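Visitor: only geometry, no sequence info:
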Ligand code: GRF
């Protein structure tokens, strides 16, 4: 059984997608053992509660220094004894100690086709604003392993989504979530739970 810790900051629709996929059998042999939020009012915490999943808040404002906050975050992750850490809209840059300790055991969902519209400053609606500004006709989402860089780790799965005439960033964000994020995140987790994902020389191979 793959033990999963899910890290969130907001609405938690990707967390919900994982819960749903477990419910309908698209994810097997895996369980969410803890949800960790850096925001006290994240709706994701409600979702955890409703589904009987343990949740923990580790908020920056509760600690005197960044260092203490990072220590608490690492402690909370370690405490869950996870085989896999899933970043589902977690808006905190991970301490390097964590990315090193959990090499190829942390995954993130990014709302574009990496390497487009990613890296520092590209998160949330900004990603979709930039895609629309550039006039791309196809965008999408990417699940990747997290390394010490920003959106630079090995790519596990990607799914393309069409950009439509008249899209606003909000409309495009919703389509990317529905047609890509909520599909490939559970899929990647299930592949990992069944030991189908292998990293070699910085590239992912799916067995
Ligand atoms: C998603 O767009 C995800 O790609 C990004 O943050 C957003 C999180 O949404 N990393 P939610 O909290 O899962 O609803």
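Guide: Perfect, I can see it now. Given the structure is predicted, the values throughout are model-derived calculations rather than measurements.
Visitor: tally of neighbours for the spatially closest residue to residue 46 that is not a sequence neighbour?
Guide: Distances taken as Cβ to Cβ, 6 or more residues apart in numbering place residue 12 nearest to residue 46, at 7.9 Å, with adjacent residues excluded. C-beta coordinates here come from the backbone N, C-alpha and C atoms, glycine included. By the measure other Cβ atoms under 10 Å, the count of residues near residue 12 is 23.
Visitor: Please tell me how far residue 12 sits from residue 132.
Guide: Distance, residue 12 to residue 132, by Cβ to Cβ, to the nearest Å: 25 Å.
Visitor: what does residue 120 give?
Guide: For residue 120, the distance to residue 132 equals 20 Å [Cβ to Cβ].
Visitor: Pretty sure residue 7 sits in a helix.
Guide: No: remark: residue 7 does not belong to a helix; assigned using DSSP: H, G, I helix; E, B strand; the rest coil, it is strand.
Visitor: and the gap between residue 32 and residue 174?
Guide: Distance from residue 32 to residue 174, counting by Cβ to Cβ: 24 Å.
Visitor: Show the pLDDT at the residue nearest to residue 46.
Guide: As predicted, residue 12 sits at a pLDDT of 96.
Visitor: Could you do residue 133 as well?
Guide: pLDDT, residue 133: 98.
Visitor: just the one 5 residues further on next, same as before
Guide: Reading off the per-residue confidence, residue 138 sits at a pLDDT of 98.
Visitor: That one contacts residue 113, correct?
Guide: Yes: Residue 138 is within contact range of residue 113, at 7.4 Å (criterion: Cβ atoms under 8 Å).
Visitor: Residues in contact with the helix or strand in which residue 33 is found: which ones?
Guide: Residue 33 is part of strand 30-37, with elements assigned from DSSP states H and E. Here strand 30-37 makes contact (Cβ atoms under 8 Å, 6 or more residues apart in numbering) with 1-9, 12, 15, 18-19, 22, 44-45, 47-48, 53-59, 73, 76-77, 79-82, 84, 189-190, 192-193.
Visitor: again with stretch 158-170
Guide: For stretch 158-170, the external contacting residues (Cβ under 8 Å, 6+ apart) are 113-114, 125, 128-129, 131-132, 136-143, 171-172, 175-176, 179-180, 183-184.
Visitor: go again using 6 Å as the cut-off
Guide: By Cβ atoms under 6 Å, 6 or more residues apart in numbering, the surrounding residues in contact with stretch 158-170 are 113, 125, 128-129, 137-142, 175-176, 179-180, 184.
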